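Colleague: Model the structure of this input:
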Amino acid sequence: DAKKTDFKINFVSDISCDVDGPIASTLRASTIAEPFYGYDPKTESEVPFGTPNSIGVMAVDNLPCELPKDASEGFGDMFLEHVIPAFFNGDVEGILERAKITTAEGNLTERFAYLKSYVDED
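Modeller: Numbers count the residues shown, from 1 in each chain. You can find the predicted model right below:
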């Protein structure tokens, strides 16, 4: 189908990364460092990404592994930017106060009072 003149797809992201599988443009697995390559549908060969009339391909076989990494980095960045300073600036934004689940006496804070029925279960 990619050889037809009316073929409109110009980029494929193959999350299955099944080389020699049903997606003809997946010639090889790409990497996190270099996730894109080009596919020439006329010659059925790899070409540099961005080559005119080529199809862009992303076929990173371990892409799902990047999601937790990205989330962890994002969490770490926000923790450093917002939470750590709250320990030293008197919690001016109320971050630490909002995060508290219980009081010093062990009671649920108002924000987490909806959990009372779970806490009271035997």
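
Colleague: what about the strands in the chain?
Modeller: Counting by DSSP state E, residue ranges of the strands within the chain are 11-13, 36-40, 45-47, 55-58.

Colleague: name the helices or strands packed onto the second one?
Modeller: Spelled out, that is strand 36-40. If you count contacts as 3 or more C-beta pairs under 8 Å, 6 or more residues apart in numbering; DSSP states H and E, strand 36-40 packs onto strand 45-47, strand 55-58. Heads up, the C-betas are built off the backbone N, CA and C, glycines and all.

Colleague: what residues does the longest one touch?
Modeller: Contact with strand 55-58 is made by 2, 9-14, 25-27, 30, 35-41, 49-50, as judged by C-beta atoms under 8 Å, 6 or more residues apart in numbering.

Colleague: May I see the helices and strands packed on strand 36-40 organised as a markdown table, with mean pLDDT and mean neighbour count added?
Modeller: Below are the helices and strands packed on strand 36-40 laid out as a markdown table (pLDDT from 0 to 100; neighbours: other C-beta atoms under 10 Å):
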| stretch | mean pLDDT | mean neighbour count |
| --- | --- | --- |
| strand 45-47 | 97 | 14 |
| strand 55-58 | 96 | 19 |
